[in-house]
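Trainee: sequence below, structure please.
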Amino acid sequence: MDKKFDVAVIGGGPGGYTAAIRLAQLGANVVLFEKEKLGGTCLNVGCIPTKNLLDKAGLIEKIKKNTDAGIFKEAGLFSWSKILAEKEGVINTLTEGVKNILKSYNVVVVNSEVQLISENIIRDKNNNVTYQANKIIIATGSSTLMPPIEGIENDSVITSTEALNLKKLPKTLLIVGGGVIGVEIASIYAEFGTKVTIVEMQSSILDKEDKEAVSYLYKKLKEKGIEILTGTKVQKIEKNNSESLVKCIDLAGNKSFDKEAEFVLISIGRKPNLENIDLQKIGLKLESGYIWTDKTMKTSVDNIYAIGDITGRFLLAHVAYEQAVVAAENIMGINKEINLSKVPRCIYSHPQVSAIGRTEEQLVSMKKSYRKAVYPYAANGKALTMKEDGFIKWMSDPETDQILGVSIVGYNSTELLSSIIVAMNGNLKTKEIGEMIFPHPTLSEIIKEVALTNCSEAIHLPKSMNKNLLKK
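Mentor: Take a look at the predicted model:
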């Protein structure tokens with residue numbers, strides 16, 4: 001006999017568990033399926049463990065800066081095993097927290113791999129039990145995309161999951177892919193003394209972000225000893241005793257060369273987890289390989305919704321959170337649509353890069369007029385006390401004064417971005433932000449100052465720099 005529920009959620013990552021909680025809050029009888037650990041990739045082998053390691057790498061970076069300045073006599077020693085143990089402790093705390101919240105709302109959690117076999121029937125693959133639900137939310141997430149490189153099956157080839165759990169720091173690490181994951185992991189291991197090489201096929205790392213911000217980051221990564229090979233393709237990976245011999249080709253000059261590395265990390269992108277969904281039988285429509293949804297997160301099948309990475313729009317936990325709420329509320333009769341026009345983008349490298357809205361390159365390609373201003377960390381008192389540099393770049397509409405896009409590269413930029421998220425979603429004008437009182441001394445003052453610079457009214461810049469650039 002089928003076990004019956006109002007709603008079944010397949011996948012217990014950020015989107016899945018959020019949907020289950022919101023549904024339960026609204027009175028639904030919910031079952032949540034998760035084949036591994038609650039929290040999915042983000043909590044267990046993604047966002048959280050990466051940021052924990054980046055935090056410790058940041059401490060090493062700060063100690064090095066002060067040692068180089070002669071303030072500290074020598075750089076600090078560290079225990080890699082204790083760093084990994086703390087990471088696991090943080091993961092366990094968060095996943096247990098999710099488990100307890102779900103329990104408090106009486107969500108039934110089934111730790112098993114399941115298969116969606118019809119529009120309202122789910123089969124437990126481990127014990128052949130079937131579940132029936134009036135509505136279903138697919139939140140199965142994504143996994144590492146493995147390119148067709150000869151030798152990729154070698155045991156020295158790893159994904160981000162293994163990279164976050166290496167018991168011993170490698171002497172050398174070659175990263176295939178200069179996207180968010182590759183750049184963040186490069187930042188971690190370089191600070192701990194690993195010789196890191198990034199190989200990227202495109203002409204730039206982080207090629208979808210603001211070119212000025214990425215150029216600044218590129219320079220800083222090079223200063224840390226990270227080798228960055230853009231316009232380069234990995235052709236083959238050979239096992240060479242304890243290391244891998246990576247055969248590469250420079251695409252511009254068609255020149256082949258070899259690189260040696262103890263480990264090769266593959267981070268070229270992600271693919272949707274569709275293997276346990278009978279797409280044809282159910283009639284689910286795909287778009288670019290991902291499950292299509294409308295703005296209510298409903299799929300092409302009336303009672304099935306999809307959220308998170310499986311939809312392919314933004315493979316970000318914070319997008320999955322919001323998609324989950326939208327799907328849950330529509331299922332429970334509350335009309336709501338997802339708005340993805342102002343999604344924040346964060347790269348937790350050293351230094352961090354964060355952005356919202358359009359990049360300058362996008363505005364140029366759209367032939368959109370804009371007013372641009374740049375304000376340096378070097379003009380901020382708090383940044384100087386912390387030995388931090390970087391800049392914020394602000395673009396506004398010259399007619400309406402609305403914010404079109406902001407990019408920040410520098411320490412804590414991912415936290416600084418939140419004020420701009422609020423401003424853009426509240427439709428605040430650049431001038432209005434410049435007239436607000438910000439606390440002093442804080443890094444956040446660069447937001448006020450760049451808004452003033454955009455209006456040619458900055459106080460803490462010399463006259464020659466206190467101006468905007470109008471692009472038509």
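Trainee: check contacts around the most centrally placed residue in the chain.
Mentor: Nearest residue to the geometric centre of the chain (CA atoms, centre = their mean): Leu316, 5.4 Å. Contacts for Leu316 (CB atoms under 8 Å, 6 or more residues apart in numbering) come out as 343, 345. Placement of C-beta: from N, CA and C, glycine included.
Trainee: redo that, cut-off 7 Å
Mentor: Counting by CB atoms under 7 Å, 6 or more residues apart in numbering, Leu316 makes contact with nothing.
Trainee: so it versus Arg270, what's the distance?
Mentor: 11 Å (CB to CB, to the nearest Å).
Trainee: try Lys285
Mentor: 20 Å.
Trainee: which of those two has more residues huddled nearby?
Mentor: Arg270 (18 against 11; other CB atoms under 10 Å).
Trainee: next, that one: phi, psi?
Mentor: Main-chain dihedrals, Arg270, degrees, to the nearest 10: phi -130, psi 160.
Trainee: can you tell me the closest non-neighbouring residue to it?
Mentor: Ser142 (3.9 Å; CB to CB, 6 or more residues apart in numbering).
Trainee: give me the number of residues near that neighbour?
Mentor: So Ser142, with other CB under 10 Å, has 20 neighbours.
Trainee: ok, it touching Asn273?
Mentor: Yes: using CB atoms under 7 Å, Ser142 is in contact with Asn273, at 6.0 Å.
Trainee: now do the contacts for Thr67.
Mentor: Taking CB under 7 Å, 6+ apart, one finds 74-75 in contact with Thr67.
Trainee: buried stuff in whichever strand or helix holds Tyr321?
Mentor: Per DSSP states H and E: Tyr321 is located in helix 317-331. By 16 or more other CB atoms under 10 Å, the buried positions in helix 317-331 come out as 317, 319-331.
Trainee: next one: stretch 385-398
Mentor: For stretch 385-398, burial by neighbour count (16+ other CB under 10 Å) applies to 388-398.
Trainee: closest to Leu363 out of the residues you listed?
Mentor: Among these, Met395 lies closest to Leu363 (CB to CB), at 6.4 Å.
Trainee: SS state for the closest one?
Mentor: Secondary structure, DSSP: H, G, I helix; E, B strand; the rest coil: Met395 is strand.
Trainee: how near is it to Ile282?
Mentor: 44 Å.
Trainee: and the chain, what are its domains?
Mentor: Residue ranges for each domain of the chain read 3-144+271-331, 157-268, 351-467, as given by automatic domain parsing.
Trainee: endpoints of the shortest one, how far apart?
Mentor: Right, the one you point to is domain 157-268. Using CA to CA, to the nearest Å, the end-to-end distance of domain 157-268 comes out at 13 Å.
Trainee: so how far is that domain off the chain centroid?
Mentor: Remark: domain 157-268 is offset 18 Å from the chain centroid, using CA atoms, centre = their mean, to the nearest Å.
Trainee: now do it, average pLDDT.
Mentor: Domain 157-268 shows a mean pLDDT of 96.
Trainee: what residues does the helix holding Tyr321 touch?
Mentor: Residues contacting helix 317-331 (CB under 7 Å, 6+ apart): 7, 13-15, 18-19, 22-23, 26, 42, 47, 135, 137, 296-298, 305, 307-308, 311, 313, 336-338, 340, 343.
Trainee: so which of those residues are in strands?
Mentor: 7, 135, 137, 305 (DSSP state E).
Trainee: can I get those residues in CSV including neighbour count, distance to Ser160 and pLDDT?
Mentor: Output for those, formatted as CSV (neighbours: other CB atoms under 10 Å; distance: CB to CB, whole Å; pLDDT from 0 to 100):
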residue, neighbour count, distance to Ser160, pLDDT
Val7, 26, 31, 98
Lys135, 24, 33, 98
Ile137, 29, 26, 98
Tyr305, 29, 28, 98
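Trainee: of all the residues you listed, which comes closest to Leu116?
Mentor: Once CB to CB is applied, the member of those that ends up nearest Leu116 is Ile137, at 10.7 Å.
Trainee: mind listing what that closest one touches?
Mentor: Ile137 touches 7, 9, 19, 305, 307, 327, counting by CB under 7 Å, 6+ apart.
Trainee: again, but for Gly381
Mentor: Pro441.
Trainee: mind checking how far it is from Lys298?
Mentor: Distance from Gly381 to Lys298, by CB to CB: 51 Å.
Trainee: where does the prediction get shaky in this structure?
Mentor: Within the chain, the ranges that satisfy pLDDT under 70 run 1.
Trainee: continuing past the helix ranked longest in it, what's the next helix or strand?
Mentor: Ranked by number of residues, the top helix in the chain under DSSP state H is helix 80-104. Remark: after helix 80-104, the chain's next helix or strand is strand 108-110, criterion DSSP H and E.
Trainee: and the strands in the stretch 301-450 of the chain?
Mentor: 304-306, 345-347, 353-357, 370-376, 390-396, 403-410 (DSSP state E, counting those that start in this stretch).
Trainee: between the last one and strand 353-357, how many degrees?
Mentor: Pointing back at strand 403-410 there. Calculated by axes from the mean of the first three to the mean of the last three CA atoms, to 10 degrees, strand 403-410 forms an angle of 180 degrees with strand 353-357.
Trainee: what residues does strand 403-410 touch?
Mentor: By CB under 7 Å, 6+ apart, strand 403-410 touches 209-210, 213, 216-217, 351-359, 363, 370, 377, 388-397, 416-417, 420, 423-424, 430.
Trainee: and for the fourth one?
Mentor: Contacts to strand 370-376, defined as CB under 7 Å, 6+ apart, come from residues 360, 363, 391-398, 404, 446, 449-450, 453-454, 468-471.
Trainee: can you show me the CA trace of that strand as CSV?
Mentor: C-alpha atoms of strand 370-376 as CSV (Å, rounded to 0.1, in the frame of the first residue of the first chain):
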residue,chain,number,x,y,z
TYR,A,370,25.4,54.6,-17.8
ARG,A,371,27.3,56.7,-15.3
LYS,A,372,30.3,55.0,-13.7
ALA,A,373,32.3,55.7,-10.6
VAL,A,374,35.1,53.8,-8.9
TYR,A,375,36.2,54.2,-5.3
PRO,A,376,39.3,52.6,-3.8
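Trainee: ok, that strand: who's next to it in the sheet?
Mentor: Strand pairing for strand 370-376, using DSSP bridges, gives strand 390-396 (antiparallel), strand 469-471 (antiparallel).
Trainee: can I get those strands in JSON lines including distance to Leu221?
Mentor: Output for those, formatted as JSON lines (distance: least, CB to CB, whole Å):
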{"stretch": "strand 390-396", "distance to Leu221": "13"}
{"stretch": "strand 469-471", "distance to Leu221": "27"}
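Trainee: and the helices in this protein?
Mentor: Going by DSSP H, the chain shows helices at 14-25, 40-45, 47-68, 80-104, 160-163, 180-191, 211-223, 279-282, 317-331, 360-365, 381-385, 413-425, 430-434, 445-454.
Trainee: so for Leu116, which of those helices sits nearest?
Mentor: The nearest among the helices of the chain, by CB to CB, is helix 279-282 at 6.7 Å.
Trainee: CA atoms of the closest one as PDB?
Mentor: What follows is helix 279-282, C-alpha atoms only, in PDB (Å, rounded to 0.1, in the frame of the first residue of the first chain):
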ATOM      1  CA  LEU A 279      11.300  12.200 -17.800                       C
ATOM      2  CA  GLN A 280       9.600  10.800 -20.900                       C
ATOM      3  CA  LYS A 281       7.000   8.800 -19.000                       C
ATOM      4  CA  ILE A 282       6.100  11.800 -16.800                       C
END
